[in-house]
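Asker: need a structure here:
(chains A, B, C and D)
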Protein chains: 2
Amino acid sequence: MRADAQRNHDAILAAAKAVFGHAGTDAPMEDVARAAGVGKGTLYRRFPTREHLFAAILQDRVDELNASAQRAHDIPDVWRALSEWLELYDRCATDYPGMSARVGESLSDDNSAVGTLCGPMRSSFARLFERARQEVPLRPDLTPAQLLSMVSGLPKDSRTGRTVEPCLRVVLDGLRA
Amino acid sequence: MRADAQRNHDAILAAAKAVFGHAGTDAPMEDVARAAGVGKGTLYRRFPTREHLFAAILQDRVDELNASAQRAHDIPDVWRALSEWLELYDRCATDYPGMSARVGESLSDDNSAVGTLCGPMRSSFARLFERARQEVPLRPDLTPAQLLSMVSGLPKDSRTGRTVEPCLRVVLDGLRA
DNA sequence: TCCTATCTGGACGGTGCGTCCGGTTGTACT
DNA sequence: AGTACAACCGGACGCACCGTCCAGATAGGA
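Answerer: As a prediction, this is how the structure comes out:
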């Protein structure tokens, strides 16, 4: 990749994080381009769609979550590993207003950029979840995918943008059979 | 209200229910007008905004929920009354794809048409909830408003549009302290 | 230096919102 | 019946955003 192309790529990612973080995931694409000091054309060439940009922004976080889910296999207390991972998952999507809900909806859609990105993470989590199920009685009819969607859809505090704490607690408690 | 105005009003409501039910809450307003056999101008005069139309559509359901919450005071088994009401609440918002999430967000916003509409229902539910809290140990940090938002945000089955059953169960179970 | 990959940014066509208004129609009242 | 006016029609409008396309400018690298 050429040097200026690389620069622009990085600038776009940084700008996107700033703009979406501040104005939410509905912010105009053009604002992102402007904030990156880049033409609209350049933005769209690199990220054909808003979704692709989201995927790029979330890349790091999702990788981190994936790695964390894999590391969790070494933690003896499975229930604790599971609930801490879910808390981490919850926190990760709250940097950008509206992102969490979006992710929750495209999570299981492999035709979407975000869905594809999350594939490996979903698998890792599913393994963790199924392992937990063998050691702790979990609600039998709940699938890992449902659980993730559910956490993504939890209400956010409009001030801080963070998930309303008690709601997450309810989910974690309700998880057990 | 003049007779033709009344006719149009009714036609618009019926059309809105049909269109939003079939195409989701993002469906173009113009489709609603067309389906009602009415001009765009007429539609907007009666319902200045999409939100107002939602409020009108939901009126019946919300009244029903409100009445049901009040009746629930006479049910001896408070926990049962509470959980059955929540199931009803959940079912009520699922007629229109996307409506549930929208309601969840404007529920506590008294500046929105839907929020205003739901005010009385929210109060009735809050009373039911607090009464339940006195007889059953409920998670102490959870407010009724948070609970409603949470239920509204539960993931939907993309086929049927209905809430994913296990998720609702998780919430009901997690409700208890 | 010079070729070429890349960028720029405006124009474009498309969709949807919500407003406005001149011309028309239906209603209610006398 | 006749009339006055409420209500409707529906197209035009301005706005915002999406995502595409491209001709001209430019910067990287051999």
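Asker: just confirm residue A:177 contacts residue A:140, I think it does.
Answerer: Yes. Counting by CB atoms under 8 Å, residue A:140 is a contact partner of residue A:177 at 6.5 Å. Backbone N, C-alpha and C define where each C-beta goes, glycine included.
Asker: which one's more surrounded, these two?
Answerer: Each of residue A:177 and residue A:140 has its neighbours counted (other CB atoms under 10 Å in any protein chain shown); residue A:177 has more, 12 against 8.
Asker: so for that one, what's the pLDDT?
Answerer: If you check residue A:177, the pLDDT there is 84.
Asker: apart from its neighbours in sequence, what residue is nearest it?
Answerer: In space, residue A:177 comes closest to residue A:137 once its chain neighbours are excluded; the distance is 4.1 Å by CB to CB, 6 or more residues apart in numbering or on different chains.
Asker: wait, the one you found sits on residue A:79?
Answerer: No. Using CB under 8 Å, residue A:137 is not in contact with residue A:79, being 10.2 Å away.
Asker: between those two, point out the one with more neighbours.
Answerer: Taking neighbours as other CB under 10 Å, residue A:137 and residue A:79 compare with residue A:79 leading, 15 against 10.
Asker: ok, back up a step: any shared contact partners between residue A:177 and residue A:140?
Answerer: The contact sets of residue A:177 and residue A:140 do not overlap (CB atoms under 8 Å, 6 or more residues apart in numbering or on different chains).
Asker: show me what counts as buried in stretch A:125-141.
Answerer: A:125, A:126, A:128, A:129, A:132, A:133, A:138, A:139 (16 or more other CB atoms under 10 Å in any protein chain shown).
Asker: ok, those residues vs DNA strand C, which is closest?
Answerer: The nearest member of the buried residues of stretch A:125-141 to DNA strand C, counting by CB to the nearest atom of the strand, is residue A:125 at 35.2 Å.
Asker: in contact with the closest one, which residues are there?
Answerer: With CB under 8 Å, 6+ apart, residue A:125 has these contacts: A:65, A:69, A:85, A:89, A:144, A:148.
Asker: tell me the spacing between whichever residue of chain A sits closest to DNA strand C and DNA strand D.
Answerer: Here chain A gets closest to DNA strand C at one residue, residue A:41, 2.2 Å apart by CB to the nearest atom of the strand. Distance from residue A:41 to DNA strand D, counting by CB to the nearest atom of the strand, to the nearest Å: 4 Å.
Asker: and that residue, what element?
Answerer: helix A:40-46 (DSSP states H and E).
Asker: give me phi/psi at the residue most central in space within chain A?
Answerer: When CA atoms, centre = their mean is applied to chain A, the residue found nearest the centroid is residue A:93 (4.6 Å). According to degrees, to the nearest 10, the main-chain angles of residue A:93 amount to phi -90, psi 0.
Asker: same check on the one 10 residues further on?
Answerer: With angles defined as degrees, to the nearest 10, residue A:103 shows backbone torsions of phi -60, psi -40.
Asker: residue contacts, the residue nearest to the centre of chain A?
Answerer: A:61, A:99, A:100, A:103, A:152.
Asker: closest to residue B:21 among those?
Answerer: Lowest distance from residue B:21 to these (CB to CB) belongs to residue A:152, with 25.0 Å.
Asker: quick check: the closest one vs DNA strand D, distance?
Answerer: In terms of CB to the nearest atom of the strand, residue A:152 sits 21 Å off from DNA strand D.
Asker: is that residue in contact with residue A:106, as I believe?
Answerer: No. With contact defined as CB under 8 Å, residue A:152 does not count as touching residue A:106 (9.8 Å).
Asker: wait, does stretch A:44-53 make contact with chain B?
Answerer: No. Stretch A:44-53 stays clear of chain B (CB under 8 Å from any CB of the partner chain), getting no nearer than 15.6 Å.
Asker: return the alpha-carbon coordinates of that stretch using PDB.
Answerer: Presented in PDB, the C-alpha positions along stretch A:44-53 are these (Å, rounded to 0.1, in the frame of the first residue of the first chain):
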ATOM      1  CA  TYR A  44     -16.000   5.400  -0.300                       C
ATOM      2  CA  ARG A  45     -13.300   3.700  -2.200                       C
ATOM      3  CA  ARG A  46     -11.800   2.300   0.900                       C
ATOM      4  CA  PHE A  47     -15.000   1.600   2.700                       C
ATOM      5  CA  PRO A  48     -17.800   0.900   0.200                       C
ATOM      6  CA  THR A  49     -20.400   1.100   2.900                       C
ATOM      7  CA  ARG A  50     -21.000   2.400   6.400                       C
ATOM      8  CA  GLU A  51     -21.000  -1.100   7.600                       C
ATOM      9  CA  HIS A  52     -17.500  -1.700   6.300                       C
ATOM     10  CA  LEU A  53     -16.300   1.300   8.200                       C
END
